[in-house]
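*Asks:* Pasted the sequence and its predicted model underneath.
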Amino acid sequence: MQITAQELAALIGGVVEGDSTVLINGPSKIEEGIPGTVSFLANMKYEPFIYSSKASVILVEKDFQPSNPIAATLIRVENVYEKVAMLLNKFGDLQQEQPTMEIHASAVITASANVQADVSIGANVVVESGAEIASGTVIHPQVYIGSNVKIGKDCVLYPGVKIYKDCVIGDACILHSNAVIGSDGFGFAPQADGSYKKIAQLGNVVLESNVEVGSNAVVDRATMGSTVLKRGVKIDNLVQIAHNVVIGEDTVIAAQTGIAGSTKVGKQVMMGGQVGIAGHLTIEDQVKIQAQAGINSNIEAGKAVYGSPAFGYRDFLKSYALFRKLPFLAERIKSLEEKLK
């Protein structure tokens, strides 16, 4: 792909400042920019790099005011992150190798499986009895698809994905390498002798449309009913979703987060990395949970929380500021007590 700054600005709705004819053939990080690339400045802690970057074009916010001369052509936009996402998708589509929509000779597909004609199935894939795979779906090598699994249109399953029996994958879902969908929920009944007896996990997992699950993430099947990830949910690598959890539309969850059984998460919730959520809770819509927070109670809609156990974000910052001063405050209190004596 080669495009001028002016054509790029027209594509993303920006205004050119500088040489509108300069050519761009790919993206680059602002600190590693080279001629012929487009970069961006969205986080102002990277501002020093804009004055030395060799990138030909740099996207900036509409109201950005430079403090030094800039050699690159600028394109001023509203919401840099949004425009960068558009550009990366555009470059990605052009660079992505288009799969051949055929079935590899080494794939093992049970006769009762229903696989549409325009599906790509790679080497050593196993598709069990009663499974259904809709048109446009791409299944990379070494994927396992259990009995009666249903996979929608235009999905991508990367190498090593495992989908256990009876699970349902909606349209346009992306499952990254070694994700596991439908493993048994963590259910064990304590016995009188101190041992544990396994409780059968009879439910399934339902991923609605446009869900993305990262590498080595696991979504457990329900004990009864379904574990559900609703439309547009995005899950990072190494995330654990337990049995009977329900996650609302357009919620995003960063790496190493764990959600215990039967918790209900609302729509448009944002969770940072290493968040831990106890079971049987309700996290309402548009909650923001900062990284490493521990959640052991319900959270009302729109609230931002931090800490472990988590509480109000601003309250936590105030408390943490005082916590760091505790040694000094302790000495001061001791000194005052001695004066009072």
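*Replies:* Alright, I've got the coordinates. This is a predicted model, so every value here is computed, not measured. Numbers count the residues shown, from 1 in each chain.
*Asks:* Show me the shaky parts of the stretch 1-150 of the chain.
*Replies:* Applying pLDDT under 70 to the stretch 1-150 of the chain flags the ranges 1, 93-97.
*Asks:* Would you map out the domains in the chain?
*Replies:* Domain assignment for the chain by automatic domain parsing gives 3-95, 108-316.
*Asks:* Figure out which of those domains is closest to Pro327.
*Replies:* For Pro327, the closest of the domains of the chain is domain 108-316, at 19.8 Å, according to C-beta to C-beta. For glycine as for every other residue, the C-beta is placed from the backbone atoms N, C-alpha and C.
*Asks:* Would you work out how far apart the start and end of that closest one are?
*Replies:* Taking C-alpha to C-alpha, to the nearest Å, domain 108-316 runs 55 Å from one end to the other.
*Asks:* I'd like a version of the domains of the chain in TSV, one that adds distance to Ala330 as further columns.
*Replies:* Below are the domains of the chain laid out as TSV (distance: least, C-beta to C-beta, whole Å):
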stretch	distance to Ala330
domain 3-95	34
domain 108-316	21
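*Asks:* Can you tell me which of those domains is nearest to Glu331?
*Replies:* Evaluated with C-beta to C-beta, the domains of the chain place domain 108-316 nearest to Glu331, the distance being 24.6 Å.
*Asks:* ok so, going back, highest mean neighbour count across the domains of the chain, which stretch is it?
*Replies:* domain 108-316 (a mean of 19; mean count of other C-beta atoms under 10 Å).
*Asks:* any idea what Asp118 is structurally, helix, strand or coil?
*Replies:* At Asp118 the chain is in coil, as set by DSSP: H, G, I helix; E, B strand; the rest coil.
*Asks:* contacting residues for it?
*Replies:* By C-beta atoms under 8 Å, 6 or more residues apart in numbering, Asp118 lies in contact with Met101, Ser135, Gly136.
*Asks:* Looking at those residues, spot the one nearest Gln268.
*Replies:* Closest to Gln268, out of all of the contacts of Asp118 and judged by C-beta to C-beta, is Gly136, at 27.8 Å.
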